[in-house]
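Undergrad: everything below, folded, please.
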Amino acid sequence: MTKSAERVDAITADLSNDVLSQQASLHRKIDWKGAFWVASGVPALVLFSIGAIAATVGKPAWLVWGLSISLGFIQAFTYAEIAGLFPHKSGGISIYGAVAWSRYCKLIAPISVWCYWGAWSPILAIGSGLAAGYMLSAIPPPDSNIHTWKITVLDLEFIKYGLSLRINATFIVGCAVLLTVFGIQHGGLQRSTKITMILGITALIPLVLIGLTPLFTGNVSSSHLFPLAPLAYGTAGNVIDGNWTRSGWTLMAGGLFIAAWSTYGFESAVCYTREFINPKTDTFRAIFFSGLLCIVVFTLVPIAFQGYLGLGQMSTPPVINKAGVIITPAVYDGILAPDIYSGMGVAKIMAKMLGAGIWLQNLIIIMLIFALMLSIMTSMACSSRCLYQGSVDGFLPKYLSRINEHGVPTNAMWTDLIFNITLLMLSDYIFVIAASNVGYIIFTFLNLNAGWIHRLDRPHWNRPYKAPNILLALGSFLAFFNLALMGMGADIWGEGTLKAGLIFASLIIPIFIYRHFLKDKGIFPQSMLDDMHLGGDETGVTNQAGILPYLTILAGAGVVYLFHKLAAS
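TA: Coordinates of the predicted model:
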């Protein structure tokens, strides 16, 4: 029997209803609607950075969200095609794209998987921290000991001003939220999809109401949205409309860069291909309808939020000493208020937007907490499966491939949990989003280009969904466009953001060297060899892409370098 035949037989067996033959792997128990509800936590990601983007970009912030989700929707068609090529794999787009790159460079594939996990996993910590902040905000007064006490574990000023690892009330409550979600996920995806459906309906109601109600009640002021001028400050620190100079476009690039972390996330709907009952039809439906949901939320909610609240003005001037050094920075209200930038005060404002009384406002805040828990569940399910499949394919340590009796990758989930408990101690969640998004943009670049590599190398493979050529080409263009945004705009979120993200992305190299060369003696697991078709000349698989993948990597690095220099100058 040829290797090609063995591969087909393996997939056929995997897609069968023989549960006994599948007991050592993830279970096929959900359809596209189940994946849709798990991915319905993605719209809640708007809560993570809606204040930070508006407070940084200014009035064009609502446009940033609309443009970003539009770009994400175009990219989704490439993802849907390559996911359909591998119905027996879990772990998301990074895994399917890794197969394309593995034939050309062993190191590229694990970088894609690692960066994907590094972008999704921090949602656990950030979402738990915001949920804890929403809960604690119900305890008055704001300057009470429960809000102010903290223990500094490690000062990280050398990375970014004001950054540290600390233990406080937010950390403790956030840990409780994390453990709750872990307990739900531990029982299997089928059980958790039922819970996420309930949470999804509960959580999406306030987001949809927040997006629609101010538009119908007239509580959206056009002066808060126009003119489309970047944020700037006068000599006295007052908020003014800026100009579209290089600094203005840098702010816009930074806004689009960090919005991508939220808006592109609905591609997680195909993270569960290995658990679909019918992956050939469920894969495209899951990502398409998840994308439509995200278009509605990511378009309406930022318009309503910004149109209601406005940028704000300086409420307290800065304190400056005789040497001209700022002792205490200026304080602003509106979207520029510190608790809006951090995200901690977003829920209270959104509750007020609905014109509700105190009791109903508290109910809305509770529902938004459910929305955050839903996003945490989406992240834990997606990121743990990425670790699991990366381990099965020989990129990551073997212990991550262990599953429990419910078909859940428990060791991967424990790794996620421990990593995020550490992140939960960080004092600046926006910096975490920005640094992790460096990896996400690298993943996006590699996997959008994997679309045409698969087309060239596997032209005759069955594709349950085949993206139109124009959309595949647009995806490749956006791969470079995203890198330009990263190079130009990453460091507006902190001087060391781009460097920190690149350093984290490089950490996979020693991990992969240990697994592949020391543990596996330089040979991939047999299932991965079959997927990559490295076992010899096989019908339908070639290295037709030739030198193009290498030129693509060089061009991508050049784009980041040039646009980073452009912003710095």
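
Undergrad: could you check how far the closest residue to Leu199 other than its chain neighbours is from Asp155?
TA: Spatial nearest neighbour of Leu199, excluding adjacent residues (C-beta to C-beta, 6 or more residues apart in numbering): Leu374 at 4.5 Å. Yep, even glycine has a C-beta here, placed from its N, CA and C like the rest. Remark: distance between Leu374 and Asp155 (C-beta to C-beta, to the nearest Å) = 34 Å.

Undergrad: who has more neighbours out of the two?
TA: Higher neighbour count among Leu374 and Asp155: Leu374, with 30 against 13, using other C-beta atoms under 10 Å.

Undergrad: that one and Ile172, how far apart?
TA: Distance from Leu374 to Ile172, by C-beta to C-beta: 22 Å.

Undergrad: got it, and Leu71?
TA: For Leu71 relative to Ile172 (C-beta to C-beta), the value is 38 Å.

Undergrad: residue ranges for the strands of the stretch 51-200 of the chain, please.
TA: Ranges of strands within the stretch 51-200 of the chain are 150-155, 164-168, based on DSSP state E, counting those that start in this stretch.

Undergrad: what about these, which gets the closest to Val64?
TA: Closest approach to Val64 among the strands of the stretch 51-200 of the chain (C-beta to C-beta): strand 164-168, 29.3 Å.

Undergrad: got a list of what Ser70 touches?
TA: Ser70 is in contact with Ile295, counting by C-beta atoms under 8 Å, 6 or more residues apart in numbering.

Undergrad: repeat that for 10 Å
TA: With contacts defined as C-beta atoms under 10 Å, 6 or more residues apart in numbering, Ser70 is in contact with 263, 295, 298-299.

Undergrad: how about Asn447?
TA: Per C-beta under 10 Å, 6+ apart, neighbours of Asn447: 75, 78-79, 82, 92-98, 100-101, 112, 115-116, 267, 453, 475, 479.

Undergrad: repeat that with 8 Å
TA: 78-79, 82, 93-94, 96-97, 112.

Undergrad: got it, and Ile433?
TA: So Ile433 contacts 48-49, 52, 122, 126, 258, 261, 493 (C-beta under 8 Å, 6+ apart).

Undergrad: tell me which of these is nearest to Ile205?
TA: Phe48 (19.2 Å).

Undergrad: give me phi/psi at the closest one?
TA: Dihedral angles of Phe48 (phi, psi; degrees, to the nearest 10) stand at phi -70, psi -40.

Undergrad: and if you look at Ala337?
TA: Residue torsions, per degrees, to the nearest 10, at Ala337 are phi -60, psi 140.

Undergrad: now swap in Val331 and tell me
TA: phi -110, psi 130.

Undergrad: next, count neighbours for the closest residue to it other than its chain neighbours.
TA: Counting by C-beta to C-beta, 6+ apart, Val331 lies nearest to Thr316, which is 3.9 Å off, once chain neighbours are set aside. By the measure other C-beta under 10 Å, the count of residues near Thr316 is 12.

Undergrad: ditto for Phe226
TA: 12.

Undergrad: just the pLDDT at it, thanks.
TA: Looking at Phe226, its pLDDT reads 93.

Undergrad: and for the closest residue in space to Gly58 that isn't next to it in sequence, the neighbour number?
TA: Excluding its sequence neighbours, the residue lying closest to Gly58 (C-beta to C-beta, 6+ apart) is Leu231, at 2.8 Å. For Leu231, the neighbour count with other C-beta under 10 Å is 22.

Undergrad: so Leu231 touches Gly242, yeah?
TA: Yes. The criterion here is C-beta atoms under 8 Å, and Leu231 meets it with Gly242 at 6.1 Å.

Undergrad: any regions of the stretch 151-300 of the chain where pLDDT drops low?
TA: For the stretch 151-300 of the chain, residues meeting the criterion pLDDT under 70 lie at 187-193, 271-275.

Undergrad: sorry, back to before: SS state for the residue nearest to Gly58?
TA: strand (DSSP: H, G, I helix; E, B strand; the rest coil).

Undergrad: any idea what it is bridged to?
TA: Under the criterion DSSP bridges, Leu231 forms beta bridges with Asp241.

Undergrad: quick check: the gap between it and Pro318.
TA: Taken as C-beta to C-beta, the span from Leu231 to Pro318 is 17 Å.

Undergrad: same question for Asn469.
TA: Note on Asn469: its distance to Pro318, by C-beta to C-beta, is 55 Å.

Undergrad: neighbour-wise, which of these two wins?
TA: Comparing Asn469 with Pro318 by other C-beta under 10 Å, the one with more neighbours is Pro318, at 13 against 10.

Undergrad: pull up the distance across stretch 143-156, start to finish.
TA: Start-to-end span of stretch 143-156 (C-alpha to C-alpha, to the nearest Å) is 25 Å.

Undergrad: so which bits of that stretch are buried?
TA: For stretch 143-156, the neighbour count (16 or more other C-beta atoms under 10 Å) marks 147, 156 as buried.
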